[in-house]
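>>> only the shape, not the letters, is given here:
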């Protein structure tokens, strides 16, 4: 019965939805299900072809890019490959805010475009997109979910917590779609002990095949299940997104649910960017739809090196975002995945730029970025301390503030340990303030960033 329901949703309900909404989700899903198996060289050629089409369109119809190209004596034909993209200045969030109207294509009526809003850690932007772009985004997203074994119509338990999404989830059409797709959405913005307990109850009642959600929310639920010896929840797979999935989080999640965890990388501005397949050998980039560059000092880094990610959306012709500095850091890969897909890989997502601490290295004489997402500065040490929640904020090179919710058994000795541990990395010249609070709410996007820096260590 379940497979029949999946078939009906994928092959009947989805095409009908396309007719009602004037979208192309079914058609594009079929396209991407085939192109993922093309050889790497053919996917590269397809990506370059789509890039040339976008650049020509942007030059001819978007005032911002026409002016930018002319000021640099550039033509779209000068961009012959991905390496040539460095000739075009990156697009920042400030650029989008300051040039909003000029970034909209004159080839579209504004009334036909769809207004969106980014998530992020406080630096939100608004942008326009098209129904065609959203259709490609849907196709790439559900292709990635398919690598985890998900099919439209599967029971899916979604742990989400964004104020930005709250109204959309309450929308009648969205609610009907969730029912049709058998998706149960739990708002984790205020993920208290009672809310986690309710989640465990709903999991038992709903019995989902797939669990999706913020990495931190899924991890918190998994930890609760283990601590309370709950083992009745056995989904086919867990799909995490929106936040950096750390190794200890993956281990806990897989132990609690008894299945593999698949990490997904996307954004509101662009959509589906990359995701893990069943081989877990990196993240397959949605190269038919996007170009990802990994940049350090205005140059592309080599495979395995860390770089700031610039994204070019190849499908949004309503408001092209070319070399958009999305604020993330990652590592490209030149490996070939054993799954047989020709889609290129990125080896890891290191986190947001704001998750990198700026530390002045006296030996080198300049500031160096240190990732706070991996083991080292914070995670391993603070995980061993009885803290319910904590957040480290780097105010400047000279000051770090720690906000923390005490757990059972916390003492002054733990505070002394934190200060001693941090000074080992940061030195004695920095001010470290610890502020104990009763509650640490997530950001408006629903994300629970452990570390936030107010300075950019990559500049």
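Received, thanks. This is a predicted model, so every value here is computed, not measured.

>>> state the three-state secondary structure for the nearest residue to residue 82 once chain neighbours are set aside.
With sequence-adjacent residues excluded and distances taken as Cβ to Cβ, 6 or more residues apart in numbering, residue 82 is closest to residue 291, at 6.2 Å. C-betas here are computed from N, CA, C, even on glycine. With DSSP: H, G, I helix; E, B strand; the rest coil as the basis, residue 291 sits in strand.

>>> ok, now which ones touch residue 291?
47, 51, 82, 85, 311, 312, 314 (Cβ atoms under 8 Å, 6 or more residues apart in numbering).

>>> tell me the helices and strands packed up against the helix or strand residue 51 falls within.
Assigned by DSSP states H and E, residue 51 belongs to helix 40-61. Contacts defined by 3 or more Cβ pairs under 8 Å, 6 or more residues apart in numbering; DSSP states H and E place helix 40-61 against helix 63-71.

>>> following the helix it packs on, which helix or strand comes up?
helix 93-98.

>>> got the buried residues for that next one?
93, 95, 96 (16 or more other Cβ atoms under 10 Å).

>>> can you add distance to residue 57 and pLDDT and give those residues back as TSV?
Formatted as TSV, the buried residues of helix 93-98 follow (distance: Cβ to Cβ, whole Å; pLDDT from 0 to 100):
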residue	distance to residue 57	pLDDT
93	22	89
95	19	94
96	18	94
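
>>> wait, which of those residues is closest to residue 198?
Nearest to residue 198 among these is residue 93, at 36.2 Å by Cβ to Cβ.

>>> need the nearest residue in space to the closest one, chain neighbours excluded.
Distance criterion Cβ to Cβ, 6+ apart; nearest residue to residue 93, sequence neighbours excluded, is residue 125 at 4.9 Å.

>>> also residue 304?
Nearest non-adjacent residue to residue 304 (Cβ to Cβ, 6+ apart): residue 331, at 5.9 Å.

>>> off-centre distance for the helix or strand hosting the one you found?
Assessed by DSSP H and E, residue 331 sits inside strand 324-333. Relative to its chain's centre, strand 324-333 lies at 10 Å (Cα atoms, centre = their mean, to the nearest Å).

>>> average pLDDT for that strand?
If you average the pLDDT over strand 324-333, you get 91.

>>> average pLDDT for the next helix or strand after it?
Counting by DSSP H and E, the next helix or strand C-terminal to strand 324-333 is strand 345-352. Computed over strand 345-352, the mean pLDDT rounds to 84.

>>> from the contact counts, what lies against strand 345-352?
Strand 345-352 packs on strand 283-285, strand 324-333, going by 3+ Cβ pairs under 8 Å, 6+ apart.

>>> what helices or strands is the last one leaning on?
In terms of contacts (3+ Cβ pairs under 8 Å, 6+ apart), strand 324-333 is packed against strand 290-296, strand 307-313, strand 345-352.

>>> which one of those strands lies nearest to residue 260?
Comparing the helices and strands packed on strand 324-333 by Cβ to Cβ, strand 345-352 comes nearest, at 17.3 Å.

>>> list the buried ones in the closest one?
In strand 345-352, counting by 16+ other Cβ under 10 Å, buried: 345, 346, 347, 348, 349, 350, 351, 352.

>>> let me know the closest of those residues to residue 414.
For these, the nearest to residue 414 is residue 351 (25.4 Å; Cβ to Cβ).

>>> bridge partners for that closest one, pull those for me.
residue 329 (DSSP bridges).

>>> and it, how far from residue 246?
9 Å (Cβ to Cβ, to the nearest Å).

>>> where in the stretch 301-450 of the chain is pLDDT low?
Along the stretch 301-450 of the chain, the parts satisfying pLDDT under 70 run over 352-383, 442-449.

>>> so what touches stretch 138-146?
Here stretch 138-146 has contacts from 23, 25, 28-29, 31-33, 36, 150, 152, 210, 212, 239, 264, 266, 271-272, 275, 284, 286, 288-289, using Cβ under 8 Å, 6+ apart.

>>> just the residues you listed: which are in strands?
Residues of the contacts of stretch 138-146 located in strands (DSSP state E): 210, 212, 239, 264, 266, 271, 272, 275, 284.

>>> can you redo those residues as TSV with pLDDT and distance to residue 110?
Compiled in TSV, the ones in strands among the contacts of stretch 138-146 are given as follows (pLDDT from 0 to 100; distance: Cβ to Cβ, whole Å):
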residue	pLDDT	distance to residue 110
210	94	37
212	94	33
239	96	35
264	96	31
266	92	25
271	90	21
272	93	25
275	97	32
284	98	35
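
>>> for residue 135, state which of these is nearest.
residue 271 (10.2 Å).

>>> so who does that closest one touch?
133, 134, 136, 137, 140, 141, 289, 313.

>>> how near is it to residue 235?
24 Å.

>>> before we move on, the earlier item: need the helices and strands packed on strand 324-333 in JSON lines (columns: distance to residue 385).
Formatted as JSON lines, the helices and strands packed on strand 324-333 follow (distance: least, Cβ to Cβ, whole Å):
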{"stretch": "strand 290-296", "distance to residue 385": "34"}
{"stretch": "strand 307-313", "distance to residue 385": "32"}
{"stretch": "strand 345-352", "distance to residue 385": "21"}
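
>>> which among these is found nearest to residue 279?
Across the helices and strands packed on strand 324-333, closest to residue 279 is strand 345-352 (Cβ to Cβ), at 9.9 Å.

>>> next, the angle from that closest one to helix 40-61.
50 degrees (axes from the mean of the first three to the mean of the last three Cα atoms, to 10 degrees).

>>> and strand 345-352 with strand 324-333, angle?
Angle, strand 345-352 to strand 324-333, by the same axes, to 10 degrees: 130 degrees.

>>> thought residue 292 was touching residue 307?
No. With contact defined as Cβ atoms under 8 Å, residue 292 does not count as touching residue 307 (9.7 Å).

>>> overlap in contacts of those two?
With Cβ under 8 Å, 6+ apart as the test, residue 292 and residue 307 both reach 330, 332.

>>> all helices of the stretch 151-300 of the chain, in order?
Under the criterion DSSP state H, counting those that start in this stretch, the stretch 151-300 of the chain contains helices at 163-170, 172-180, 193-206, 215-227, 247-257.
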